[in-house]
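S.K.: pasting the sequence and the predicted model now:
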Amino acid sequence: MDKVFFGIDIGGTATKLGAFSAEGKLLDKWEIPTDTGEHGSRIMPNIAAEIVRYADTTENVIAAGVGVPGPVRRDGYVRRCVNLGWGGFNPARDLSAQLEGVPTFAGNDANMAAMGEYWQGGGQDARSLVFITLGTGVGGGIVLDGRVVYGSAGLGGEIGHVVVNPDEPMPCNCGQYGCLDQTASATGVVRHARRVLARRTDEPSALRALDAITARDVFDAAKAGDALAYEAVDTCMGFLGKSMAMLTNIIDPDMYIIGGGVSKAGEFLIDLVRRHYEQLATLSEQRAKIALATLGNDAGIYGAAKLAMDAVRR
């Protein structure tokens, strides 16, 4: 077989793998369970076994890139990755050893998704972009002039822990109060919707008839004209627009790409965010484009493969 690159996206429950041609074409993709037992010690051996199974021999593997759900330093070192049981570990170095010295490189999973969207997704026309993923939490990645921003401790792009609402009474998982993670995530949208319902008990809302409210329920109701649901999502996306305006004044990207489960609200969500963003990003008439991600759950394997390609060709 022809020699290939691998892009790997490690999640808490499943690990995605993609085999790419030397020209960057996705040849095949699949996933395996992520075995987090014994402090994640079996994760890399399992990935190595899958790579060898596909490629027949390590001689057919040019290089591999790995996306990790936690901060990763530029040298591949992971100080702590709670979901995988890792602490003080270098996954790239370990996987390279498992693969008989195949060059292997690692980065934060959101950064890898950012690179994937930049390379072959919604950001192909941009020189620089910020990727924001809205799911259970809020993650992000930054690509400037074709390179991922790692930061000194691997925290580059952690937009979810920018404090945007100092009036928030509940602490974030990080210990701060008012993080974007608490407002623009699926969890945050539901929390704010419940607060609006509790504060305005005399006003009707379709959400009151639901036993368990989801972020999708809130957005669907808002799209249908439910005033209280609209207030909740407008507030939450307002904080996201505020965060993006602050980032524009710092790094001035060409584009913001929004992905994750909450982004399934589509152009309705984009329009909300854009309105708040443009109200606050006033230093220039030229503002960043805001668009939806296009690669979905494959963004991480694309970005990890591109990380490997760039590293061996640099």
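M.R.: Yep, it's here.
S.K.: use CA for all of it now, contacts and neighbours both
M.R.: Noted.
S.K.: list the buried residues of stretch 152-170.
M.R.: Within stretch 152-170, the residues that count as buried by 16 or more other C-alpha atoms under 10 Å are 154, 155, 156, 157, 158, 159, 160, 161, 162, 163, 164.
S.K.: residue boundaries of the helices in the stretch 101-250 of the chain?
M.R.: With DSSP state H, counting those that start in this stretch as the criterion, the stretch 101-250 of the chain has helices at 109-120, 186-199, 215-223, 227-251.
S.K.: now, of those helices, which is deepest in the fold?
M.R.: The highest average neighbour count among the helices of the stretch 101-250 of the chain, using mean count of other C-alpha atoms under 10 Å, belongs to helix 109-120 at a mean of 30.
S.K.: packing partners of that one?
M.R.: Where contact means 3 or more C-alpha pairs under 8 Å, 6 or more residues apart in numbering; DSSP states H and E, helix 109-120 is packed against strand 61-68, strand 128-134, strand 138-144, strand 147-148, helix 299-313.
S.K.: mind listing what the spatially most central residue of the chain touches?
M.R.: By C-alpha atoms, centre = their mean, the chain has its centre lying nearest to residue 110, at 3.5 Å. Neighbouring residues of residue 110 by C-alpha atoms under 8 Å, 6 or more residues apart in numbering: 67, 69, 131, 133, 139, 140, 141, 300.
S.K.: rerun at 7 Å
M.R.: Residues in contact with residue 110 (C-alpha atoms under 7 Å, 6 or more residues apart in numbering) are 139, 140, 141.
S.K.: the first one contacts residue 159, doesn't it?
M.R.: Yes - contact between residue 139 and residue 159 holds when scored by C-alpha atoms under 7 Å: they sit 6.3 Å apart.
S.K.: return the member of the contacts of residue 110 nearest to residue 102.
M.R.: Using C-alpha to C-alpha, residue 141 is the member of the contacts of residue 110 that lies nearest residue 102, at 26.2 Å.
S.K.: separation between that closest one and residue 245?
M.R.: Distance, residue 141 to residue 245, by C-alpha to C-alpha, to the nearest Å: 16 Å.
S.K.: mean pLDDT for the helices and strands packed on helix 109-120: which is lowest?
M.R.: Looking at these, the lowest mean pLDDT belongs to strand 147-148 (a mean of 89).
S.K.: in its sheet, what does that strand sit against?
M.R.: Next to strand 147-148 in the sheet, as set by DSSP bridges, lie strand 138-144 (antiparallel).
S.K.: and the angle from the strand it pairs with to helix 227-251?
M.R.: For strand 138-144 against helix 227-251, the angle by axes from the mean of the first three to the mean of the last three C-alpha atoms, to 10 degrees is 30 degrees.
S.K.: perfect, I'm done here.
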